[in-house]
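> no letters, just coordinates:
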């Protein structure tokens, strides 16, 4: 039998399942997944156990607006990237790659942070969510539809 044939592959799977009957065998064959790119710690970023409160987000945004502190803006963007990723995954499977959707949400996140008005009595996340979703919908409207409406 050809070692590359589907029958040989299925035979190897069956042999592997039979070999895994003991708990010790299951533990010894377990593989750890490699660290993903975004799991690596970032310099100046918040750790996964701590999350910035709304007042800390406002302070970072105020530092960026008043003093031109680019590091504060970058820290705020990096802290909100998991939120943007979750929104991108919400729209996955609709004809666009997840990586492309993540990039669109990142652009929407940057636009939201740049256009947020600190003088209004509104939380930042209340403004970021519809801005990022609007950017995603705009992306689908402009680039993802295969039929162009006249």
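Yep, that arrived. Remember, it's a predicted structure, so these values are computed and weren't measured experimentally.
> domain parsing for this structure?
Domains of the chain are assigned by automatic domain parsing as 1-31, 38-144.
> what's the following helix or strand after whichever strand or helix holds residue 64?
Here residue 64, judged by DSSP states H and E, is contained in helix 54-67. Of the helices and strands lying after helix 54-67 in sequence (DSSP H and E), the nearest is helix 70-90.
> average pLDDT for that following helix?
If you average the pLDDT over helix 70-90, you get 93.
> packing partners of that helix?
In this structure, helix 70-90 packs against helix 54-67, helix 98-115, helix 124-139, with contacts taken as 3 or more Cβ pairs under 8 Å, 6 or more residues apart in numbering; DSSP states H and E. Bear in mind the C-beta positions are built from the backbone N, C-alpha and C, glycine included.
> same thing but 6 Å
Under the contact criterion of 3 or more Cβ pairs under 6 Å, 6 or more residues apart in numbering; DSSP states H and E, helix 70-90 touches helix 54-67, helix 98-115.
> out of those helices, which comes closest to residue 81?
Closest approach to residue 81 among the helices and strands packed on helix 70-90 (Cβ to Cβ): helix 98-115, 7.1 Å.
> returning to that earlier point: for the helices and strands packed on helix 70-90, which one ends up most surrounded?
helix 98-115 (a mean of 17; mean count of other Cβ atoms under 10 Å).
> that helix packs against which elements?
helix 70-90, helix 124-139.
> quick one, the longest one and helix 54-67 angle?
Following axes from the mean of the first three to the mean of the last three Cα atoms, to 10 degrees, one obtains 130 degrees for the angle between helix 70-90 and helix 54-67.
> what angle do helix 124-139 and helix 70-90 make with each other?
60 degrees.
> buried residues, helix 70-90. List them.
72-77, 79-81, 84-85, 87-88 (16 or more other Cβ atoms under 10 Å).
> quick check: angle from that helix to helix 98-115?
140 degrees.
> which one among the buried residues of helix 70-90 gets closest to residue 120?
Nearest member of the buried residues of helix 70-90 to residue 120, counting by Cβ to Cβ, is residue 76, at 17.3 Å.
> for the closest one, which non-adjacent residue is closest in space?
residue 60 (4.5 Å; Cβ to Cβ, 6 or more residues apart in numbering).
> close enough to count as contact, the one you found and residue 71?
No: counting by Cβ atoms under 6 Å, residue 71 is not a contact partner of residue 60; they are 9.2 Å apart.
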